[in-house]
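Enquirer: Structure for the following, please:
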Amino acid sequence: MPDDARDAAEEESAFSHPPVDPDATAAYGDHPDQVVDFYAPRGGEESAPLVVVLHGGAWRAPYDRRHITPFADFLARRGFAVANVEYRRGGTIPAQGGTGPVAGRWPDTFDDVAAALDAMPALVRKALPGADVRRTVVTGHSAGGQLALWAAARHLLPADAPWYLERPAQLRGVVALAPIADFTVAEKLDVCSGATLQLLGGETTFEERQSYADPALLLPTGIATTLVQGRTDTVVPQAVAEAYADAAAKAGEVVGLTLLEDVGHFPLIDPAADACAVVAEEIAQLAW
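Expert: Prediction:
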């Protein structure tokens with residue numbers, strides 16, 4: 001099957017599942033996008049690891065948390081408590097060059113992810129009292145994979161960053177799925193039509209803000225990290241994940257890199273795909 005046809009079929013399958021309503025929703029701020037959907041473990045476990053999900057979509061407004069709710073439900077059916085985080089994305093104004101809605105909001109996107117993670121223990125105590133926040137794994141797909149890696153690296157941010165933490169976040173680990181994990185490589189490859197450049201505000205501010213946002217520059221985190229990547233992914237190519245793993249190695253940290261044959265971008269979050277089961281197992285390896 002030609003690459004374009006395969007990509008289209010994989011995307012169609014991933015988006016074919018109806019959205020799954022959460023068991024509870026809680027706000028972590030006043031903006032309508034500052035909410036978290038919670039899914040209780042379907043087996044009725046008294047104590048379950050918490051998986052925080054950060055959805056992808058190139059940090060652009062048309063892609064919200066609803067598209068990843070089948071994946072959240074998939075994890076809940078495997079015994080995890082799940083928190084599906086929404087955050088502010090790009091506005092509806094088209095990006096320069098006519099590539100569609102602009103990617104991300106600076107600094108709002110990062111404000112929201114930091115605020116959501118900081119509020120998570122208190123939110124979980126009310127919404128999912130059976131969840132064990134001491135066994136928290138953050139996972140994210142594509143742009144959400146960048147945010148997951150970033151969330152685990154806030155103690156490495158420049159000290160003047162509003163999101164800086166003095167100590168590493170209390171996480172069991174991160175499982176980043178086809179993450180936009182190295183902004184320099186992503187920009188060279190024009191991943192998601194220049195999304196990283198747009199996220200950081202354009203050419204005039206890209207280099208200035210990169211040290212505050214690029215996971216490849218925020219290493220070593222000291223937090224167990226695994227990347228899961230399809231070898232035939234043309235949306236966020238394998239080279240981006242490999243660049244992050246190489247940067248980690250140079251920083252003295254071993255990052256897991258699971259490469260899946262004949263898998264593109266979307267099967268990682270598609271409950272109907274074998275790749276999704278691999279993702280759940282990678283999360284379990286860190287959570288339990």
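Enquirer: where in the stretch 1-150 of the chain is pLDDT low?
Expert: Where the stretch 1-150 of the chain drops to pLDDT under 70, the residues are 1-2, 92-100.
Enquirer: how about 80 then?
Expert: The stretch 1-150 of the chain contains residues with pLDDT under 80 at 1-4, 44-46, 91-100.
Enquirer: Going along the chain, name the helices of it.
Expert: With helices called from DSSP state H, counting those that start in this stretch, the stretch 1-150 of the chain shows them at 3-14, 69-76, 108-127, 143-151.
Enquirer: what's the closest of those to residue 230?
Expert: helix 3-14 (8.7 Å; C-beta to C-beta). In short, each C-beta sits where N, CA and C put it, glycine included.
Enquirer: Tell me what angle the closest one forms with helix 69-76.
Expert: Here the directions of helix 3-14 and helix 69-76 differ by 70 degrees (axes from the mean of the first three to the mean of the last three C-alpha atoms, to 10 degrees).
Enquirer: Pull the residues that contact helix 3-14.
Expert: 1, 232, 234-235, 264-267, 269-270, 272-273 (C-beta atoms under 8 Å, 6 or more residues apart in numbering).
Enquirer: And for stretch 145-157?
Expert: Under C-beta under 8 Å, 6+ apart, the answer for stretch 145-157 is 52, 54, 56, 87, 109-110, 113-114, 117, 138-140, 161, 163-169, 171, 174-181, 212-213, 215, 218-219, 221, 223, 225, 227, 244.
Enquirer: And that stretch, end to end?
Expert: Distance between the two ends of stretch 145-157: 17 Å, counting by C-alpha to C-alpha, to the nearest Å.
Enquirer: on that earlier part again, for residue 45, state which of the contacts of helix 3-14 is nearest.
Expert: residue 269 (22.8 Å).
Enquirer: Touching, the closest one and residue 140? I think so.
Expert: No: Residue 269 is beyond contact range of residue 140, at 10.0 Å (criterion: C-beta atoms under 8 Å).
Enquirer: Restricted to strands, list the contacts of stretch 145-157.
Expert: 52, 54, 138-140, 174-177, 225, 227 (DSSP state E).
Enquirer: follow-up on the earlier one: TSV for the contacts of helix 3-14, including neighbour count, secondary structure and distance to residue 17?
Expert: Listed next are those as TSV, based on neighbours: other C-beta atoms under 10 Å; DSSP: H, G, I helix; E, B strand; the rest coil; distance: C-beta to C-beta, whole Å:
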residue	neighbour count	secondary structure	distance to residue 17
1	9	coil	22
232	17	coil	22
234	14	coil	22
235	18	coil	19
264	25	coil	17
265	23	coil	16
266	28	coil	11
267	26	helix	13
269	29	helix	10
270	23	coil	8
272	13	coil	7
273	20	coil	11
